[in-house]
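Colleague: how would this look folded up:
(one chain, ligands or ions: 2)
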Amino acid sequence: MPGITVRPSASPGTGSGDVHVQRFAVAYEYAVHFTRGLFRPANPALADALAGREPHRRHRFLAVLEEGLAACRPDLPDAITAYAAHHAGRIEAVAPPEIVPGGEAAKNDPALVETLQRRLHALGIDRHSYVVAIGGGALLDLVGYAAATAHRGVRLVRVPTTVLAQNDSGVGVKNAVNAFGVKNFLGTFAPPHAVLNDFDLLASLPRRERVAGLAEAVKVALIRDAGFFRWLEDEAGALARFEPGPAQAMIRRCAELHMRHIASGGDPFEAGSARPLDFGHWAAHRLEMLTRHALRHGEAVAVGIALDARYSVLAGLLAPGAETRVCALLDRLGLRPWHPALRLAGPDGRPALLSGLRDFREHLGGELTVTLLADIGRGVEVHAIDEGLVCSAVGWLEAREAHREAGETGEASR
Ligand SMILES: NC(=O)c1ccc[n+]([C@@H]2O[C@H](COP(=O)([O-])OP(=O)(O)OC[C@H]3O[C@@H](n4cnc5c(N)ncnc54)[C@H](O)[C@@H]3O)[C@@H](O)[C@H]2O)c1
Ligand SMILES: [Zn+2]
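Modeller: Numbering: from 1, shown residues only. Ligands and ions are numbered 1, 2, ... in the order given. Presented below is the predicted three-dimensional model:
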């Protein structure tokens with residue numbers, strides 16, 4: 001119940017006085033739309049997202065469009081301006097779309113946050129105006145951070161344009177930029193006003209990026225939904241080819257599972273030490289750094305998933321054979337459950353991978369909490385990781401890869 005309760009000090013007689021405890025809760029609600037042709041004038045989704053809750057006034061917005069996407073889709077800036085003109089009774093574009101660099105490099109550039117904030121200031125974007133961020137997960141993180149810190153938070157509508165951003169990062173409540181050499185060091189928890197997932201925007205996405213986004217679906221299926229995992233196995237060929245029906249179903253289900261976790265997991269702003277949606281991620285984050293982002297996030301997650309699945313077997317948590325099934329699915333999706341960076345040594349001669357565990361704990365603070373697998377579809381949390389078993393799991397993945405390569409070479413020479 002909201003209100004103030006007054007209770008005596010826990011240390012009576014020390015002169016510390018009484019304590020007034022303030023309590024209130026803020027309810028968040030945002031819609032995630034699954035649509036196509038978002039900027040076609042006849043599609044009401046964007047105008048509804050901006051004007052839906054307050055239909056009696058005109059809503060100002062600035063679109064911020066990722067440079068890489070604008071290069072592939074030079075029609076988009078004009079389409080957005082024309083869309084606003086068509087819906088001029090309800091929405092107003094305060095300027096032509098702002099074109100901003102995206103990708104991880106953008107999150108590493110502190111000047112970009114300030115440039116964006118200056119622009120929001122110059123255009124008079126206030127707490128009742130909107131920023132509509134259109135791009136991949138990195139661009140959404142960057143623009144989301146600039147929007148969340150301008151006026152202590154202006155309204156943000158996300159239009160994710162990668163598979164990973166549509167099925168995972170874009171539907172969540174976080175934003176961040178990298179600072180002081182640390183990924184996501186500066187950021188906020190700031191739920192968006194709405195998320196608009198347009199499947200057509202994925203048409204220009206390179207195949208490698210599409211496949212990388214499938215890793216998050218495997219991840220969330222493994223910790224939450226055995227039926228979804230079996231479905232991914234059944235549809236693996238179609239998903240690897242990114243056939244529209246299965247690809248859209250995959251994005252929708254994966255996004256739903258992420259949203260459900262945020263709403264019902266009991267810790268939407270990650271105050272505790274557990275982060276089940278980061279299954280496979282302690283190794284993934286480290287591999288991204290070790291490869292200087294040559295490995296895409298989803299590709300690194302695929303390796304991390306395979307590693308933690310094998311580790312789960314070695315630790316006696318998961319039935320042997322399940323990890324083989326996980327790796328076989330990753331193979332069929334076009335994700336490689338191995339990377340040579342798993343074998344890199346750190347300055348102290350120990351496997352460089354292992355410091356990923358320390359980084360993982362430091363980012364969250366508190367006790368080390370890693371999600372592993374108790375079954376396909378069921379995650380389990382542990383608070384200690386045996387480094388010897390991690391090395392054994394790496395060895396297993398390496399042997400499997402060598403075997404697979406030998407098989408391929410054998411087949412090719414036959
Ligand atoms: N906020 C969160 O909760 C959260 C969660 C997971 C990941 N993330 C972040 O998301 C980022 C990764 O996001 P990502 O995988 O979407 O990659 P990305 O944003 O780096 O985009 C990948 C590449 O695709 C290009 N691109 C984007 N959309 C395109 C399109 N439709 N057509 C052609 N090219 C396009 C980009 O220019 C970029 O080169 C990381 O920075 C990660 O930290 C955030
Ligand atoms: Zn991820």
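Colleague: and whichever helix or strand L186 is part of, which strands flank it?
Modeller: In this assignment (DSSP states H and E), L186 forms part of strand 182-189. Sheet partners assigned to strand 182-189 using DSSP bridges are listed as strand 174-179 (antiparallel).
Colleague: can you list contacts of the partner strand?
Modeller: If you take C-beta atoms under 8 Å, 6 or more residues apart in numbering as the criterion, strand 174-179 is touched by 104, 107-108, 110, 112-113, 140-145, 147-148, 183-190. All C-beta spots, glycine's among them, are computed from the backbone N, C-alpha and C.
Colleague: only whichever of these are buried, select them in ChimeraX.
Modeller: Of the contacts of strand 174-179, the buried ones go into a single ChimeraX selection, burial set by 16 or more other C-beta atoms under 10 Å:
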select :104,107,108,112,113,140,141,142,143,144,145,147,148,183,184,186,187,188,190
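Colleague: near ligand 1, from the contacts of strand 174-179?
Modeller: 104, 107, 141 (C-beta under 6 Å from any ligand atom).
Colleague: any idea which of the residues you listed is least confident?
Modeller: Least confident by pLDDT among these: that is E104, with 91.
Colleague: for it, what are phi and psi?
Modeller: Torsion angles at E104 (phi, psi; degrees, to the nearest 10) stand at phi -60, psi -30.
Colleague: stretch 62-80 near ligand 1 anywhere?
Modeller: Yes: using C-beta under 6 Å from any ligand atom, stretch 62-80 reaches ligand 1 at 66, 68-69, 72.
Colleague: quote the end-to-end distance of that stretch.
Modeller: For stretch 62-80, the separation between the terminal residues is 10 Å (C-alpha to C-alpha, to the nearest Å).
Colleague: quick one: contacts for L112?
Modeller: Per C-beta under 8 Å, 6+ apart, neighbours of L112: 100-101, 106, 142, 177.
Colleague: what about 10 Å?
Modeller: Neighbouring residues of L112 by C-beta atoms under 10 Å, 6 or more residues apart in numbering: 100-102, 105-106, 139, 142-143, 145-146, 177.
Colleague: ok, of the residues you listed, which come out buried?
Modeller: Among these, the ones that count as buried (16+ other C-beta under 10 Å) are 100-102, 106, 139, 142-143, 145-146, 177.
Colleague: what is the least confident helix or strand in the protein?
Modeller: Least confident element among the helices and strands of the chain, by mean pLDDT, DSSP states H and E: helix 355-364 (a mean of 79).
Colleague: what about the next helix or strand after it, distance to the chain center?
Modeller: Remark: after helix 355-364, the chain's next helix or strand is strand 370-375, criterion DSSP H and E. Distance, stretch centre to chain centre, for strand 370-375: 20 Å (C-alpha atoms, centre = their mean, to the nearest Å).
Colleague: list the buried residues for the next helix or strand after strand 370-375?
Modeller: Next along the chain after strand 370-375, taking DSSP H and E as the criterion, comes strand 378-382. Going by neighbour count (16+ other C-beta under 10 Å), the buried part of strand 378-382 is 379-380.
Colleague: pairing partners for strand 378-382, with directions?
Modeller: Applying DSSP bridges, strand 378-382 is found paired with strand 370-375 (antiparallel).
Colleague: what comes into contact with the strand it pairs with?
Modeller: Here strand 370-375 makes contact (C-beta under 10 Å, 6+ apart) with 219, 222-223, 226, 273-283, 305, 308-313, 315, 317-319, 322-323, 326, 357, 360-361, 379-385.
Colleague: now do 6 Å
Modeller: Here strand 370-375 makes contact (C-beta atoms under 6 Å, 6 or more residues apart in numbering) with 276, 279, 282, 308-309, 312, 317-318, 379-382, 385.
Colleague: so R90 versus L50, what's the distance?
Modeller: Note on R90: its distance to L50, by C-beta to C-beta, to the nearest Å, is 7 Å.
Colleague: can you give me the strands in this structure?
Modeller: 3-7, 19-23, 31-35, 59-66, 91-93, 98-100, 130-135, 155-160, 174-179, 182-189, 194-198, 370-375, 378-382 (DSSP state E).
Colleague: include mean pLDDT when you put those into JSON lines, please.
Modeller: JSON lines is the format used below for those (pLDDT from 0 to 100):
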{"stretch": "strand 3-7", "mean pLDDT": "86"}
{"stretch": "strand 19-23", "mean pLDDT": "91"}
{"stretch": "strand 31-35", "mean pLDDT": "97"}
{"stretch": "strand 59-66", "mean pLDDT": "98"}
{"stretch": "strand 91-93", "mean pLDDT": "97"}
{"stretch": "strand 98-100", "mean pLDDT": "98"}
{"stretch": "strand 130-135", "mean pLDDT": "98"}
{"stretch": "strand 155-160", "mean pLDDT": "98"}
{"stretch": "strand 174-179", "mean pLDDT": "95"}
{"stretch": "strand 182-189", "mean pLDDT": "91"}
{"stretch": "strand 194-198", "mean pLDDT": "98"}
{"stretch": "strand 370-375", "mean pLDDT": "97"}
{"stretch": "strand 378-382", "mean pLDDT": "96"}
